[in-house]
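Engineer: okay, here's the prediction I keep looking at, along with the sequence it came from:
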Amino acid sequence: MVQEKLDDLLKEYRGKRGVLLEVFHRVQEIQGYISPQAVEAIATALGMSPAHVYGALTFYSELRTTPPPERSIGLCGGPACYLRGAEKVRQAIEGHIGVAMGQASPDNKTEVKWVQCPGICHVAPFLTVDGKIHGKVTPEVVPQILGEGKER
Amino acid sequence: MAGLATTFGSGAMTNSIADLGQAACILAIGTNTTEAHPVIALQLKQMARRGGKLIVANPHWIELCRHATMWLRQRPGSDVALIGGMMRVIVDEGLADSNFIQERCENFDALRESLAAFSLERVSQITGLPQEQIREAARLYATSSSAAIVYAMGITQSSHGTDNVQALADLAMLTGNIGKPGSGVNPLRGHNNVQGSCDMGCLPNVFTGYQSVADGGIRERFEAAWGVSLNPKPGLTLGEIFDAAHDGTVKAIYLVGENPVITDPNAAHIEEALKRLEFLVVQDIFLSETARLAHVVLPAASFAEKEGTFTNTERRVQRVRQAISPVGNSRPDWWITVQLAMRLGAQGFSYEHPAEIMDEIARLTASYGGMAYHRLENGGLQWPCPSPNHPGTSILHREAFTRGKGHFVPVEYRGSLEQPDEEYPLILNTGRMLYHFHSSTLTRRVKGLRELHSEERVEINPQDAVSLGIADGDLVKVTSRRGAVTVRAKVAEGTPPGSLFMTFHFPDTVTNLLTQPGRDPVSKIPELKFCAVRVAKVA
Amino acid sequence: MSTFEGLKTDGEAAWRNYMGDTKPLLQVGMGSCGVAAGAEEALAVLRREVTARNIPATVSITGCNGMCFAEPLVMVTREGRTVTYGEMTPERIPALVEEVLVRGGVWAEAALGVSGEEEWQGIRPLAETEFFRLQERRLMARCGVIDPENIEHNIALGGYAALHKALSGMTPETVIQEMNQSGLAGRGGANFPCGRKWDFLRQAKATPKYMICNADEGDPGAFVNRILLESDPHLVIEGILIGAYATGAEAAYIYLREEYPLAARRLRIALEQARARGLVGDNILGLGFKCNLELVVGAGSYVCGEETGLISSIQDSRGMPRIRPPFPAQAGVFGKPTNVNNVETYANAPLIIAHGGQWYASMGTERARGTKMFSISGHIVRTGVVEVPLGTPLRRIFEEAGGGVGNGRPLKAIQSGGPLSGFLTARHLDLPLEPQAFAPEGVLMGSGGLVFVDEGACLVDMVLRYLTFAQDESCARCTTCRIGTQRYVDILERITQGKGRPQDLDTFRWLEGVMRNGNCAHGQASPTAVISTLRHFPEEYEAHIREKCCPAGVCPLPAASPALTR
Amino acid sequence: MAKVTLTIDQKTVEAEPGDPLLEVAKKAGVYIPHLCYMDDLPSYGGCRLCAVEIEGVRGLPLACTTQVTDGMVVRTDTAPVRELQRGVMETILSEHPDRCLTCHRKIHCLPNWICLRDDVVTDRCVTCAKNQWCELQQVSEFLGMEGTGRFYEEGRSWYGAREEIPLERENPFIERDYNKCILCARCVRVCDEVRGVGAISVTYKGDKARIDTPFGIPLHETNCELCGACVDVCPTASLMDKTTKWAGLPDKLVSTICPYCGTGCQLLLHVKGERIVRVSADAEGAVNKGQACVKGRYGLDFVHHPERLTTPLIRDNGAFREASWDEALDLVASRLGDYRGEEFAAIASSKCTNEDCYILQKFARVVMGSNNVDHCARL
């Protein structure tokens, strides 16, 4: 299924240039990440070496080389969030779910990561859960947002 | 190499390796360059990197395809049709170089007439390629400012190898792609010194520099130089020698550094032939499968233990230098042969050093006339190098062809000798891989290379694998009309449906038990790239 | 092929219909700032209320008008006057509907202001509010006014007229002349004269030429480009096309950072609409000008905001800034001549062409012409985006538009220009907002991000964050940048842990000199945060290193020196 | 195009306009320290070492990215240049062991001597196989570096709490130790730009940046051809020939031609006593210009293989026995004497030298009177 979608997708881009980022985005949409097989296939379709593709892939923080976790928690690392208490929110998140910033739980259920500042500084500090934004977060509301269930 | 000789008057690579990188377009056909000639492949990749057009024609997906502008996946054995089709497009669309044809070539009308049979409909049918692709390839090749053809054993090891080569030569002449930088017809030789051993007259019909033994004048010169009278009758070719050994007409063989029991087609026949000899002496650096059949084995020194020269595929004569003393009691080949000659009472075999042998070669061979060791110190010289001040020749046929005018040979498509049928439905192709060489006499004695690949694999397309119930790594039996081998399967996307691929590197799997002995009528090269087989999983 | 006149007529009709004489128009501010504050839910509730109660009203969307602090915004237009309501969270929407639609009045307590110059139903004009009164809204004229997903609105309010003017009545040379005359300098931070840059590309021989819009607004705390792209994407597209015409570029890319998905969506819609109307493509407006415009979305890399990093990224490679020479104007994307400008730079072009370079140059200061957008955030009451004439004192932005710190603590520092720039002190509030005034203080004015920092923050710790960012985003080409940023991080970390050594400050200055030798601005300038704070806030470092204390109480150290408490 | 004339350290030099200054200086005999530049390849500008002073140019531009122009006046040995170069070097060395520079005994030590110093075992210079033939070490010594300097024991620098990167030595020929890597990307560029393979790439960014294969798989599972070109260009001990890294410096280098395919690559045999301890591609090679393939570079061990034939063998009652040359040659000569004429055939080898081949066919024709001589050119 995923393989077929990938094949169809790559047919569309075969031999083109200036499309690698778009291909990455679309493959990630299909697979949730960019697998070793996908890197091979992209390389063949676009006439590059697999290492070139992988080098580019790992250059970008938003592209995944491993399957995505079930739940992704992001905390903004921008200055407004920092100034408005993101550090304390980070500690609250880590304390609540038991996963350190920049890590995923061993079962890959939950990850916690810094996200780049998207310029919505009026809701600082904010966190995202699977893309949904929770603004003006305080350490006290973190358990409410993240719900029960400490990741071990 | 007979094909090129007919057309141009010389069978060697017309241009140089470095020159390939300068081409605007390269047609690489019947060559898996990155595996078999990795360093030459660098030039092809450089050319593509600089924006040149690389056309890869190969039934198999090869690494070079990654760098190619076009990949033509013609059916095995359909090269003449493909080239004929390209020529037809070039002529029909007025892309031929009529000045070049008029001034430098002859017999064009015959070629043009022969192209009548190469309508794109028919060519497309034979090759399995869309007409548009053939057209595009023809245009790409013909309209580039310079276009080179590179080929290797995929073209020559065929029952119609001479046809293949002549068609390529026609294609080059048709577009004026001869005698200028970045062009030409460029066979890539398999062994370090194939070119040299041919140049040196290790052929039954010629002395050094392709001087015919049947030509009285030439023979007289050699008789004068060597101080004997010489046999005017051309000798037997390799295959004929083994046949004659089988029949008993040849009774003694002095075999140096070869392992035909593994490398020749129809290996069982060869082994039998050698066993029937009254006397076999083998001279080698290892006790090869063939040496095991000998009456006497003479230990030779390796390349690192002697002085000499090799002539590479671009006709460049380069110095081989001694790095260490001969291992054990081994001796350089020339020295051993000289000892035998002296013991047999011959005159004219007293050499102190290989440099003296080269001086004798230069005296007797026009194209080597200007070669001498002191001139070969820095990078060697490319023949023809007729005189002591001549700088060597990087591009042949610049002003005129060696034979005068370039001779167009009409093309005719012939199928391979053994077509697949119900009983043997698949085509077996054989070739080389990067990590081993020939019968792997040398490479399997290198630990690391052996670690990487130590056994034969038969490559099979995923489609065929599925329909035959074969999985990657399964043990399968490959059977032809001549024999069978058992080998592990490797399911490979790059192998075309209906085909199998094996190397001939591993003595445990004698691939050449399967291949067929049919040879090209002119060049006598066996059809190693095409035979009908069947494959089945071993229960 | 549509003529411009036809498009204009259609646009105006659509706009009239939209604004409506009979039915009230309700627009929810759907910038990502609005969405973050709950605008999507607010819109849903509004739609539901209007439908359920069967009220004749048009419910639509608009972009952000810069008042992010008051999101979600709802603009209600009736009788030609638009009242902007702030903090219209889903819970407050029913009340709004009740007050404004059912009763037909206004909700004065929730109203931020009204359009136009006079008071209306007891609501003062928005333009007179503290947030607006220092602003000169040119680039942002349509932000928060039109539906950004509707090209007709943009055209009705003057969009694409400048492009039409250039294509139908000006040569590329005269376009560049106007640009030169305007004095417009690049808004991305480098401040290079735009007209001259375009002229380089125009004079390049090789073809095709490429025009690239740098929408990789990566500076944390900067979001002026986001507001423009989300609220009036066609303004930017028009500017790029004018640039392409002036330079002879046949192809253009907008390189957008991936953190702006809504801007990507708006740009895709805008491009589709523009293509459908012959405003982008092979024969633009039937005037024989060809320019294809593609959107490329990044994937999370700060250095792709550097123009050559961006070019590498478009070209299917790691977004590593390149070695110069060759410069992009000689060999950029795919080895062809290329020009890269920032979003806001392009957005100025239609204004300059429509009104003339002279007109444009009359705004701003002698050495910095025109208006500039700034995003203000951090310790400030009103977070948002303003557009002011260059030369406006920083203080007015902080105190009037921003409303000051607002928490009782005094202002300590101002971070301007992102991670490759540094920190100013409260003493610098009287600096005029022009790049030339910032430079002597060792800081860049930058692309428009201004972050205000109060006394509660520890600058050593904050600088450590900036350097960590610079380190994470180093492309890894230059040893000086890749390793130099790591050493800064190591030493800063040590200092915040009370393990600072006196010679560390000397190492900082020395290492900056080594890093100046880097290839691109990232490597050269990432020590600026350290160096500028060393210059303006030496006491913070002294306290951490000598006294082993963190006066702000942020670092895991005593808040005051043991010596002092004794 | 007309040549340009420039001055480098008071030397007047002629060059092609547009040539990289670094290369022009090198040809003129002026050494400018560098670690990432490679001849004939586009400049990478990564190591930042090759700074110079150019009259009329601001700052200290890099010699590798500067294209020479007429009248250029260049100085490579001024105090600001050296100070910057040492600064860059100090930065690089903060991520690299520096014991080979700091040991007080190094002046007395020859390659591969056993270290008697009592020091941390894992980073003594003798644990580095590249000691004394390391480019990084040479540049350090040229610049008079005395070690890591001010970053010694800093955070994540080499002597700090740096996490060790596991070695990759699964493939038989190339050993990769990225703990010693300075990310000059020479290996990546030679693999991509010269070899057209691209098996490795710079991956990730910032402090996570590392040269790697896709997903870190072993080299031999990638499209790597194990040609060793990366090992040749590595300026540190990151990439080493796995089997011969400890062979040390050779007694002599012998230039010869590869015995495998028909390309004719010129190789350098590194010889110690009667052993070939390492093989590299000869930069002077007319065809290969410093390149080779896995067989040429790593496939010549057969020369020393124990199965080499070292003495003539004569079959006696079905089995071979060793014999002296005289005995074997006499026997062969006497037997062959019986088959003069067309009963005799000689089969030559396309692996032998021209001289060997010439002599063999001359033997067949002159001594044996037979034209039955052929070889395996057709295979």
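Structural biologist: That came through, no problem.
Engineer: can you give me the helices in chain D?
Structural biologist: Here chain D has its helices, by DSSP state H, at D:21-27, D:79-93, D:99-102, D:135-142, D:186-189, D:229-233, D:294-298, D:325-336, D:354-362.
Engineer: which of these sits closest to residue B:211?
Structural biologist: Minimum separation from residue B:211 across those (C-beta to C-beta) falls at helix D:354-362, 11.8 Å. All C-beta spots, glycine's among them, are computed from the backbone N, C-alpha and C.
Engineer: can you list contacts of the closest one?
Structural biologist: B:193, B:196-197, B:199-202, B:207-208, B:226, B:254, B:256, B:308-311, B:317, B:332-334, B:337-338, B:341, B:349, B:351, B:354, B:357-358, B:360-361, D:346, D:348-349, D:352, D:373, D:375 (C-beta atoms under 8 Å, 6 or more residues apart in numbering or on different chains).
Engineer: ok, stretch C:45-57 next?
Structural biologist: So stretch C:45-57 is in contact with C:22-26, C:28, C:59, C:74, C:90, C:93-94, C:96-97, C:101-102, going by C-beta under 8 Å, 6+ apart.
Engineer: does stretch C:272-292 reach chain A?
Structural biologist: No - between stretch C:272-292 and chain A, judged by C-beta under 8 Å from any C-beta of the partner chain, nothing touches; the nearest distance is 11.7 Å.
Engineer: endpoints of that stretch, how far apart?
Structural biologist: 12 Å (C-alpha to C-alpha, to the nearest Å).
Engineer: who touches that stretch?
Structural biologist: Counting by C-beta under 8 Å, 6+ apart, C:1-4, C:7, C:150-151, C:160, C:163-164, C:167-168, C:211, C:234, C:237, C:241, C:244-245, C:249-252, C:271, C:293 sit against stretch C:272-292.
Engineer: got the contact list for residue A:130?
Structural biologist: Per C-beta under 8 Å, 6+ apart, neighbours of residue A:130: A:71, A:72.
Engineer: ok, the residue lying closest to residue A:119 once chain neighbours are set aside - contacts?
Structural biologist: Spatial nearest neighbour of residue A:119, chain neighbours left out: residue C:223 (2.4 Å); criterion: C-beta to C-beta, 6 or more residues apart in numbering or on different chains. Neighbouring residues of residue C:223 by C-beta under 8 Å, 6+ apart: A:117, A:118, A:119, A:120, A:121, C:33, C:217, C:375, C:385, C:449.
Engineer: how about the helices of chain A, start to end?
Structural biologist: A:2-13, A:20-31, A:36-46, A:50-59, A:79-83, A:86-97, A:142-146.
Engineer: what's the closest of the ones you listed to chain B?
Structural biologist: The closest of these to chain B is helix A:36-46. By C-beta to the nearest C-beta, the value is 7.3 Å.
Engineer: which residues does the spatially most central residue of chain A contact?
Structural biologist: Centroid-nearest residue in chain A, with C-alpha atoms, centre = their mean: residue A:62, separated by 5.2 Å. Shown in contact with residue A:62 (C-beta under 8 Å, 6+ apart): C:258, C:299, C:300.
Engineer: would you list the residues you listed in CSV and tack on distance to chain B, neighbour count and pLDDT?
Structural biologist: CSV is the format used below for the contacts of residue A:62 (distance: C-beta to the nearest C-beta, whole Å; neighbours: other C-beta atoms under 10 Å in any protein chain shown; pLDDT from 0 to 100):
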residue, distance to chain B, neighbour count, pLDDT
C:258, 29, 21, 93
C:299, 24, 22, 95
C:300, 28, 18, 93
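Engineer: out of these, who's nearest residue B:408?
Structural biologist: Nearest to residue B:408 among the contacts of residue A:62, with distances taken as C-beta to C-beta, is residue C:299, at 56.6 Å.
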